[in-house]
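In: With the input below, show me the fold.
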Amino acid sequence: MAEWYRRKTWAKIDEEEFFAKLGRARKDGRAQYLKIQAIELVETKNKGLLNVAETLLIKMLTDYPDDNFNRGSALKTLGDIYKLNVDYKSAIDFYKQALDFEKVYPNVITEAYLNYSELVVKTNQLELFDGLEKILLERYSRMMFPIEKYKVNSILSIINNVKGRQEKAKQYSDLAEQFASANTSGLRYHKYLGTVKERDSWLDKFVRKK
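Out: Residues are numbered from 1 along each chain as shown. Okay, here's the model as predicted:
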């Protein structure tokens, strides 16, 4: 049986049981339970449940404003919700809020930078490209998995192509292809973790059209 804060449904009984258990939980753990439950609902991609998840996250941010450990992840997940609802402007804003918070509280780093990057290039927000390039280059040496390296190098290739730096664009394009084709992660105990299972056709189209 799933834990009480990992529900994939939100009927009235689910809501009542969740908040009853939340009220009995240790106060210092409540923000995390709200966040985890919201993420579980977001994973369903059901529009009604996305609205519930948003409500839970706003409650978390409002009721526990000093909980720095969960704040970045909550902001990133709000970005995911707006992205799924095709409100890209709000999604980009929340991803950027998560990134800004991670500068202040770097103990917990999310994938907000990658989601932000993909959305900025896919919506052609040219005015954000300079800042985006800086973000990606700052994170570049800390990338771990082939899927991450494939996407970041693809995005850097697109940015450099737009800026007229064809040689650098080609270098990043070649790296993107290399990591997309990687069969293993390079990690000793997680050999296949984070490899590219499915390529991003949109990124490939714009990287390869140069």
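In: what bits of this structure have low per-residue confidence?
Out: Across the chain, the ranges flagged by pLDDT under 70 are 1, 209-210.
In: Where do the helices of it begin and end?
Out: Assigned by DSSP state H, the chain shows helices spanning 12-24, 30-42, 47-63, 68-84, 88-104, 112-122, 129-139, 146-162, 166-180, 201-208.
In: Quickly note the distance from residue 42 to residue 76.
Out: Using Cβ to Cβ, to the nearest Å, residue 42 is found at 11 Å from residue 76. C-beta: built from backbone N, CA, C; applies to glycine.
In: The two: which is more packed in?
Out: Taking neighbours as other Cβ atoms under 10 Å, residue 42 and residue 76 compare with residue 76 leading, 24 against 21.
In: what residues are up against that one?
Out: 94-95, 98, 110-112, 115 (Cβ atoms under 8 Å, 6 or more residues apart in numbering).
In: out of those, which is most surrounded?
Out: residue 95 (28 neighbours).
In: so what's that residue closest to, chain neighbours aside?
Out: Counting by Cβ to Cβ, 6 or more residues apart in numbering, residue 116 is the residue found nearest to residue 95 once chain neighbours are left out, at 3.6 Å.
In: That neighbour against residue 97, yeah?
Out: No - using Cβ atoms under 8 Å, residue 116 is not in contact with residue 97; the gap is 9.9 Å.
In: neighbour count winner among the two?
Out: Neighbour totals were compared for residue 116 and residue 97, and residue 116 leads with 26 against 19 (other Cβ under 10 Å).
In: Spit out the contact partners of the more buried one.
Out: 79, 92, 95-96, 98-99, 132, 135.
In: Return the member of these nearest to residue 31.
Out: Of all those, residue 98 has the smallest distance to residue 31: 15.4 Å, by Cβ to Cβ.
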